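Asks: no letters, just coordinates:
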């Protein structure tokens, strides 16, 4: 009976882990995962992004990898309106048991421009189709047999419980405006896991993946001589009984406008909730960022402020991203776009 309970607990913990999505503190650096309507929303024409996060890095816990490529299309033909297309890949690896959550998504978006010469508005709609695969490597787990008979074997045959795949869908809407090419505001809303797929490893079990609702807001306010900018940011996400609220601000210093050389520094505060929206302190996030020509690089570190800080095992989480963009055209529509950077 002890062996049975041990193994069932392992499967229960894995199921709870898979019930929620991964997240990035620098969520703006993974736009295809944040909101499909953000696909193609940037000043240049082609964008490549890579992200890495390790939660509580001193010990083996959660590591997340993501790469994506997207582009905006037909700006000239659509006279400033544009289509966005993108492809993304990510993998989330959890714990010594090597729970792997792998996803590939295809995004399509359309942005419509309206407004005058001084103030331009854009509203975009995006759709996402995704394929997910979840795996458990039970070979690295420790079973009760190791302590009882010195034989670390699986007491129950779980051959049919170590792999599952499914298709899912998402959608989003995004609005942004720029004023005199100096100030900008952006806001978006997205829904993930519209299909609410069954992610259970058991053929006769049901473990529904909750829909996730995300809302984000950002602005860029240029100060004296446009050298200093204040960039407030906010993100709210809810998935089933879980919710989080991130808010903060970055300060941007433009060092060389011709070479697009700028430095950023800032912080965020995260509140998290489980059941009845009872929010509590989760983490304080420090971040730095640099832009040079077509490169955008950022580093952030989560300082745990919840009760987990009392456990020596939980040391906080570092996160890195790198973005590279390519300008394949120099039409006036690209130059006038002035997408917000948050």
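Replies: Looks like it arrived, so ask away. Quantities reported herein were computed from a predicted structural model and do not represent experimental measurements.
Asks: the stretch 101-250 of the chain: strands as residue ranges?
Replies: For the stretch 101-250 of the chain, the strands defined by DSSP state E, counting those that start in this stretch cover 119-136, 163-179, 183-192, 212-222, 228-239, 242-256.
Asks: in CSV: the ones you listed, plus mean pLDDT.
Replies: Below are the strands of the stretch 101-250 of the chain laid out as CSV (pLDDT from 0 to 100):
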stretch, mean pLDDT
strand 119-136, 91
strand 163-179, 91
strand 183-192, 93
strand 212-222, 94
strand 228-239, 94
strand 242-256, 94
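Asks: show me the helices in the stretch 51-200 of the chain, by range?
Replies: Taking DSSP state H, counting those that start in this stretch, the helices of the stretch 51-200 of the chain run over residues 145-148.
Asks: okay, now the unreliable bits of it?
Replies: 56-61, 95-98, 138-161 (pLDDT under 70).
Asks: for the closest residue to residue 303 other than its chain neighbours, what are its contacts?
Replies: Counting by C-beta to C-beta, 6 or more residues apart in numbering, residue 284 is the residue found nearest to residue 303 once chain neighbours are left out, at 4.7 Å. Glycine gets a C-beta too; all of them are placed from N, C-alpha and C. Residue 284 sits next to 267, 268, 269, 270, 302, 303, 305 when contact means C-beta atoms under 8 Å, 6 or more residues apart in numbering.
Asks: show me which of those residues are buried.
Replies: Buried residues within the contacts of residue 284, defined by neighbour count using 16 or more other C-beta atoms under 10 Å: 268, 270, 302, 305.
Asks: my guess is the third one meets residue 319, correct?
Replies: Yes: shown here, residue 302 and residue 319 form a contact pair, counting by C-beta atoms under 8 Å, at 7.4 Å.
Asks: find residues that contact each of those two.
Replies: Counting by C-beta under 8 Å, 6+ apart, the residues touching both residue 302 and residue 319 are residue 25.
Asks: returning to what we had before: which one, of the strands of the stretch 101-250 of the chain, ends up nearest to residue 66?
Replies: Nearest of these to residue 66, taken as C-beta to C-beta: strand 119-136 at 12.8 Å.
Asks: what's the closest one packed up against?
Replies: If you count contacts as 3 or more C-beta pairs under 8 Å, 6 or more residues apart in numbering; DSSP states H and E, strand 119-136 packs onto strand 99-115, strand 163-179.
Asks: repeat the analysis, applying 10 Å as the threshold.
Replies: helix 2-18, helix 31-34, strand 82-94, strand 99-115, strand 163-179, strand 183-192, helix 332-337 (3 or more C-beta pairs under 10 Å, 6 or more residues apart in numbering; DSSP states H and E).
Asks: and among those, the most buried is which?
Replies: Of all these, helix 31-34 carries the top mean neighbour count, a mean of 26, counting by mean count of other C-beta atoms under 10 Å.
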